[in-house]
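J.: kindly return the folded structure for what I paste below:
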Amino acid sequence: MRILYQFPLSHYCEKARWLLDHKELDFVAQNLIPGVHRAFAQLKTGQNKLPILKDSERWIADSTEIALYLDDTYPEHALLRLDPHLRQQALEINTLSNELGAHVRRWGLAQALSTSDEPLEIMLGEKGYLRQFEKISKPILKTLVSKSYQLDIEKVSESKSKMDEMIQQLNAKLIENHCRYLVGDRLGLADIAVCSMLAPLLYLNGTPWEVESELHVSDEVKQYKQSLLNLPIGQYVQRIYNSERNARVDWRGI
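T.: Numbers count the residues shown, from 1 in each chain. Coordinates of the predicted model:
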């Protein structure tokens, strides 16, 4: 059985889940404990980041490497086109989206943690040691997240500016391709990468960022969501999630 080692809230892990779902491959989403995951990842893959895919005896780290591995190993429902020009376009957009994702994560976490502990509740999981000792683990986890992702005012502000710039670049690329997909005429790596990175800003239903009520959502986040939906790129992300995100595995993991 394939195992995807993940954090439920990570949009890079959402990207990997989507890649596997697009390929119609069975897998289990296995949650790791933040911080502790580094030792596991280092032992298995020689680096300390998630997601990590275990496929039989193979261990593949990083969502982009997972995409390339899946296309090489399971060519059906290809993520990248055979045409060299389209392939290069998709890889360039994927690289841009990976950079965008880091800024979305920092800004989104800073905003969410300023109004609610809901992100921490998801990180704690529904069972296990973190949940069992949550009175101790929750404040430790909050400090760990703040330090790991540099959620200080200056860095968060810088990420907001970078986010704006990259979203405009992607919006222009989408318009160039007549707004249906980012590359070519069907869903591929570029679309999955960009939609996964931007999904936390739209708190779409059925995703880890869905909210039951906007009472705990700051005005700044609400305004940013609306400004994104006013652009073709925001409408596109919403449409692709509604029509083509056919999730086969619960993002909450086990």
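
J.: so Leu96 touches Met166, yeah?
T.: Yes: the criterion here is Cβ atoms under 8 Å, and Leu96 meets it with Met166 at 6.2 Å. In short, each C-beta sits where N, CA and C put it, glycine included.

J.: what about the strands in the stretch 1-150 of the chain?
T.: In the stretch 1-150 of the chain, the segments counted as strands under DSSP state E, counting those that start in this stretch are 2-6, 27-31, 52-55, 58-61.

J.: low-confidence ranges in this structure?
T.: 114-151 (pLDDT under 70).

J.: swap in 50 and give it another go.
T.: 129, 133 (pLDDT under 50).

J.: where is the longest helix in it?
T.: helix 84-115 (DSSP state H).

J.: can you give me the buried ones in it?
T.: Neighbour counts using 16 or more other Cβ atoms under 10 Å place 86-87, 89-91, 93-94, 96-98, 100-113 of helix 84-115 among the buried residues.

J.: give me phi/psi at Arg245?
T.: phi -90, psi 80 (degrees, to the nearest 10).

J.: any idea how far it is from Trp18?
T.: 7 Å (Cβ to Cβ, to the nearest Å).

J.: out of the two, which sits in the busier spot?
T.: Between Arg245 and Trp18, Trp18 has the larger neighbour count (other Cβ atoms under 10 Å), namely 26 against 20.

J.: how about the more buried one, what does it touch?
T.: 192, 195-196, 245, 247 (Cβ atoms under 8 Å, 6 or more residues apart in numbering).

J.: list just the nearest of those residues to Ser159.
T.: Using Cβ to Cβ, Ser196 is the member of the contacts of Trp18 that lies nearest Ser159, at 17.2 Å.

J.: ok, the closest residue to that closest one other than its chain neighbours - contacts?
T.: Nearest in space to Ser196, with sequence neighbours left out and distances taken as Cβ to Cβ, 6 or more residues apart in numbering, is Lys15 at 3.8 Å. Neighbour list for Lys15: 51, 63, 192-193, 196-197 [criterion: Cβ under 8 Å, 6+ apart].

J.: could you identify the buried members of the residues you listed?
T.: 51, 63, 192-193, 196-197.

J.: now distance to Leu182 too, for those residues, in TSV please.
T.: Below are the buried ones among the contacts of Lys15 laid out as TSV (distance: Cβ to Cβ, whole Å):
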residue	distance to Leu182
Pro51	22
Ser63	16
Ile192	10
Ala193	9
Ser196	13
Met197	12
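
J.: which of those fall in helices?
T.: 63, 192-193, 196-197.

J.: surely Asp21 meets Trp251?
T.: No: using Cβ under 8 Å, Asp21 is not in contact with Trp251, being 10.4 Å away.

J.: now do the SS call for Gly206.
T.: When classified by DSSP: H, G, I helix; E, B strand; the rest coil, Gly206 comes out as coil.

J.: next one: phi and psi at it?
T.: phi 80, psi 0.

J.: tell me who's in contact with it.
T.: 241, 245, 247.

J.: Leu4: which of the residues you listed is nearest?
T.: Scanning those for proximity to Leu4, where the rule is Cβ to Cβ, the winner is Ala247, at 12.6 Å.

J.: what residues does Gln235 make contact with?
T.: With Cβ under 8 Å, 6+ apart, Gln235 has these contacts: Leu229.

J.: I'd assumed it was in a helix, is it?
T.: Yes: under three-state DSSP, Gln235 falls within a helix.

J.: if I look at it, how far off is Cys195?
T.: 12 Å.

J.: which residue is the nearest non-sequential neighbour of Lys44?
T.: Closest residue to Lys44 apart from its sequence neighbours, by Cβ to Cβ, 6+ apart: Trp59 at 5.0 Å.
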